[in-house]
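Asks: Generate a structure from the sequence data that follows.
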Amino acid sequence: MVRKVMRLPAVLEATGWAKPTLYTKITDGKFPKGTKLDPDARAVVWFEDEVEAFQKAAVIAAAVAA
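Replies: Here you go, the predicted structure:
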């Protein structure tokens with residue numbers, strides 16, 4: 001199975017966050033850390049299924065808190 005990946009602009013669009021907010025959430029352990037598919041490259045990607053799982057959990061947490 002091939003996992004779909006998202007580059008930074010797609011992650012920012014999906015979350016609605018600014019870049020500093022994204023990296024703060026990653027540092028705080030509240031959002032999945034990006035992955036380098038090639039250790040020699042600079043490009044970082046996020047797996048689409050992990051971003052979707054985060055979004056689903058956030059919606060559930062918000063519904064429970066309400």
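Asks: List of residues touching the one helix or strand in the chain whose mean pLDDT sits lowest?
Replies: Lowest on mean pLDDT, DSSP states H and E among the helices and strands of the chain sits helix 48-65, with a mean of 94. Residues outside helix 48-65 that contact it (C-beta atoms under 8 Å, 6 or more residues apart in numbering): 3-6, 11, 14-15, 31-32. To be clear about C-beta, it is placed using only N, CA and C from the backbone, and glycine gets the same treatment.
Asks: What of stretch 6-13?
Replies: Residues outside stretch 6-13 that contact it (C-beta under 8 Å, 6+ apart) are 14, 18-19, 22, 34, 43-48, 51.
Asks: From Asp40, how far off is the residue most central in space within the chain?
Replies: The C-alpha lying nearest the average C-alpha coordinate of the chain belongs to Val51 (C-alpha atoms, centre = their mean; 4.4 Å). Going from Val51 to Asp40 by C-beta to C-beta, to the nearest Å gives 25 Å.
Asks: just Glu50 next, same as before
Replies: 23 Å.
Asks: more neighbours, those two?
Replies: Taking neighbours as other C-beta atoms under 10 Å, Glu50 and Asp40 compare with Glu50 leading, 17 against 5.
Asks: Now do the residue in the chain sticking out farthest from the centre, the pLDDT please.
Replies: In the chain, the greatest distance from the average C-alpha position (C-alpha atoms, centre = their mean) is reached by Ala66, at 24.0 Å. Listed pLDDT for Ala66 reads 79.
Asks: and what of Leu12?
Replies: 98.
Asks: Count the neighbours of Tyr23 for me.
Replies: Other residues close to Tyr23 by other C-beta under 10 Å number 13.
Asks: just Val11 next, same as before
Replies: The number of residues near Val11, taken as other C-beta under 10 Å, comes to 22.
Asks: measure it to Lys19 for me?
Replies: Separation of Val11 from Lys19 (C-beta to C-beta) stands at 10 Å.
Asks: try Arg3
Replies: With C-beta to C-beta as the criterion, Arg3 and Lys19 are 23 Å apart.
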